[in-house]
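Visitor: The following comprises the amino acid sequence and a computationally predicted model.
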Protein chains: 2
Amino acid sequence: MRIVRYASPTGMSFGVLDGDGQVAQIEGHPFGQISFTGQRHAAADVRLLSPILPSKVVCVGKNYADHVAEMKTGDAPKEPLLFLKPSTSVIGPGDAIRIPPGSTNVHHEAELAVVIGARGARHVTEEQAVASIFGYTIGNDVTERDMQRADNQWTRAKGFDSFCPIGPWIETDLAGIGKDPADLQVTCTVDGELRQDGRTSQLLFGIPTLISYISQVMTLLPGDVVLTGTPAGVGPLRAGGSVTCAIEGLGELTNSVTGADTASTAS
Amino acid sequence: MRIVRYASPTGMSFGVLDGDGQVAQIEGHPFGQISFTGQRHAAADVRLLSPILPSKVVCVGKNYADHVAEMKTGDAPKEPLLFLKPSTSVIGPGDAIRIPPGSTNVHHEAELAVVIGARGARHVTEEQAVASIFGYTIGNDVTERDMQRADNQWTRAKGFDSFCPIGPWIETDLAGIGKDPADLQVTCTVDGELRQDGRTSQLLFGIPTLISYISQVMTLLPGDVVLTGTPAGVGPLRAGGSVTCAIEGLGELTNSVTGADTASTAS
């Protein structure tokens, strides 16, 4: 089932996207038993939002060997390397990635995103981890590479508003469409040029290991998102362009890239 | 005014704590115009919670010269060094800090905490920053020192559930009680031994600079918390003990320290 979140003239809702491009509105949130309101929209008539507003986005660095090699910042870690992106960095499909003022080195990082379900995850084993997963979507761990190097801590470089596109939908039954989350093609295309092309089978730490590991540290709440790392091929985005991250079975996440938006809360 | 959040037999509420130890319940949240329900409790009859549940906790590393010196990890940064603690790490006064399984090096870090108000803060100048501040409270940036060194990224070391005590109240008018946030004594006492004793006048980057800097990166939402850094004297906590962080005009934040709580969401 493809879960979307969308804005329509009557407000913001979760819905189920069917194969005919129709969105069926659901009552409340999609965790637990889903009930439909009966309201339907053509997907073209509504604006898709990030399919979830996570309380936190937990990310994993250096989780593909070929990306570790291209970064030239040491060996792959012996345990999953965790960092956080603030919830304010999340945007949806079609939203603009904003280049910070003066920045010239903002990179794309296409990633498989895991969305946590109603049970949450705290101190779960690798075997128990799958029961904590609601579904899968696409994430782009947008990163300002110069700031990442300068700060050592990655929070600023990866934390700008708009630096975490997520979407377009959450697939809750990859097996039902003949796909295995442990072996999906992940690509990123910038202005028509293929930049990244990997498979989740190359993950150094697989999804159950990541969920279990994170859950020993911090409780994962329903709707929280885990970004599983990016394959080789990261590179710059330029204002005026666009970036498409695609994952087998999960569709395409396309975002425009524009200049800084420096509107202030003080004005 | 001292804003608290508390649990009583009728539920969870915000309230105003007066000088007589009485809590006056307020309707909804404390941002904007406050209206009282008329319900009052003796503070001793309710359980104080963290005075706010922030959507994010933005922290500043290496922001006191004497702490930079004791850490022996290089010079003070040229710009504020940002990192995040997950909202799931937040606990309130009296709650237990849990030592992770196998850990022997969990440290206290007493800090002045700034709580963001109704306007939020996005692209504000240093001059505009004060209008984004709701009030001040005490934070303890609990840190697993061995993991901090091993991971390089600080997310795991500082992100465990219970690693962010905040409270006991938010003071919204420090000036009204004759205090200046730019010159407050900050202390930390562990099992009766004074460990940290600094003043916010020693901050390398002051509060307006921090709020403005962060607001150029990520939008600060109402209720978000900024931890401003810790003075020298950090050291280990041990299960069975307790830790009290105190700041002039803001009271005392005391937490017990106990062993791991490994209850699982899967059982």
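Guide: Arrived safely, thanks for sending.

Visitor: Please count neighbours and contacts with C-alpha atoms only from this point.
Guide: Will do.

Visitor: Return the set of buried residues in stretch A:238-247.
Guide: For stretch A:238-247, a neighbour-count test (16 or more other Cα atoms under 10 Å in any protein chain shown) marks A:238-239, A:242-247 as buried.

Visitor: contacting residues for the most centrally placed residue in chain A?
Guide: Geometric centre of chain A, nearest residue: A:Gly139, 2.2 Å, by Cα atoms, centre = their mean. For A:Gly139, the contacting residues are A:110-113, A:164-167, A:227, A:245, A:253, taking Cα atoms under 8 Å, 6 or more residues apart in numbering or on different chains as the criterion.

Visitor: so it bridges to which residues?
Guide: Bridge pairing for A:Gly139 (DSSP bridges) gives the partners A:Glu111, A:Ile166.

Visitor: Check A:Cys188 too.
Guide: Here A:Cys188, judged by DSSP bridges, has bridge partners A:Gln196, A:Cys245.

Visitor: residues making contact with stretch A:233-249?
Guide: Contacts to stretch A:233-249, defined as Cα under 8 Å, 6+ apart, come from residues A:67, A:70, A:98-99, A:105-112, A:138-140, A:174, A:177, A:179, A:184-191, A:195-197, A:252-259.

Visitor: go with 7 Å
Guide: For stretch A:233-249, the surrounding residues in contact (Cα atoms under 7 Å, 6 or more residues apart in numbering or on different chains) are A:99, A:105-110, A:138, A:179, A:184-191, A:195-196, A:252-259.

Visitor: for stretch A:58-68, same thing?
Guide: By Cα under 7 Å, 6+ apart, the residues outside stretch A:58-68 that reach it are A:75-76, A:80-85, A:202-205, A:225-232.

Visitor: Repeat that for stretch A:214-221.
Guide: A:116, A:120-124, B:88, B:156, B:159-161.

Visitor: May I see the PyMOL selection of the buried members of those?
Guide: Typed into PyMOL, the line below selects the buried ones among the contacts of stretch A:214-221, using 16+ other Cα under 10 Å:
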select buried, (chain A and resi 116+120+121+122+123+124) or (chain B and resi 88+156+159+160+161)
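
Visitor: Quick one: mean pLDDT over stretch A:64-75.
Guide: For stretch A:64-75, the per-residue pLDDT values average out at 92.

Visitor: So which bits of it are buried?
Guide: Quick answer for stretch A:64-75 (16+ other Cα under 10 Å): A:64-68.

Visitor: Equivalent analysis for stretch A:190-206, please.
Guide: If you call a residue buried by 16+ other Cα under 10 Å, then stretch A:190-206 has these buried ones: A:190, A:195-200, A:202-206.

Visitor: quick one on the thing from earlier: out of the buried residues of stretch A:238-247, which one sits closest to chain B?
Guide: For chain B, the nearest member of those is A:Ala239. The distance, counting by Cα to the nearest Cα, is 17.6 Å.

Visitor: Name the SS class of the closest one, please.
Guide: coil (DSSP: H, G, I helix; E, B strand; the rest coil).

Visitor: how about the nearest residue to it, chain neighbours excluded?
Guide: Nearest non-adjacent residue to A:Ala239, counting by Cα to Cα, 6 or more residues apart in numbering or on different chains: A:Thr258, 4.2 Å away.

Visitor: Quick check: beta-bridge partners of that neighbour?
Guide: With DSSP bridges applied, A:Thr258 shows beta-bridge pairing to A:Arg98.

Visitor: now the buried residues of stretch A:238-247 in a markdown table, with distance to A:Arg5 and pLDDT?
Guide: As requested, the buried residues of stretch A:238-247 are exported to a markdown table (distance: Cα to Cα, whole Å; pLDDT from 0 to 100):
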| residue | distance to A:Arg5 | pLDDT |
| --- | --- | --- |
| A:Arg238 | 28 | 97 |
| A:Ala239 | 27 | 97 |
| A:Ser242 | 22 | 98 |
| A:Val243 | 21 | 98 |
| A:Thr244 | 19 | 98 |
| A:Cys245 | 19 | 98 |
| A:Ala246 | 19 | 98 |
| A:Ile247 | 19 | 98 |
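
Visitor: Could I get the full set of strands for the stretch 101-250 of chain A?
Guide: Secondary structure of the stretch 101-250 of chain A (DSSP state E, counting those that start in this stretch): strands located at A:106-107, A:110-116, A:133-140, A:143-144, A:164-171, A:185-190, A:193-199, A:225-227, A:242-247.

Visitor: from the chain's centre, how far out does the helix-or-strand element of chain A with minimal mean pLDDT sit?
Guide: Among the helices and strands of chain A, helix A:65-71 carries the lowest confidence by mean pLDDT, DSSP states H and E, at a mean of 93. The chain centre lies 20 Å from the centre of helix A:65-71; the measure is Cα atoms, centre = their mean, to the nearest Å.

Visitor: could you check the angle strand A:164-171 makes with the next helix or strand after that helix?
Guide: If you walk from helix A:65-71 toward the C-terminus, the next helix or strand you reach (DSSP states H and E) is strand A:81-85. The directions of strand A:81-85 and strand A:164-171 differ by 100 degrees, with axes from the mean of the first three to the mean of the last three Cα atoms, to 10 degrees as the criterion.

Visitor: Up against chain B, what does the stretch 101-250 of chain A have?
Guide: Within the stretch 101-250 of chain A, the positions lying close to chain B (Cα under 7 Å from any Cα of the partner chain) are A:119-124, A:128, A:151, A:153, A:155-156, A:159-161, A:217-219.

Visitor: Between strand A:110-116 and the lengthiest helix in chain A, find me the angle.
Guide: Under DSSP state H, the helix in chain A containing the largest number of residues is helix A:207-217. Orientation note: helix A:207-217 sits at an angle of 60 degrees relative to strand A:110-116 (the same axes, to 10 degrees).
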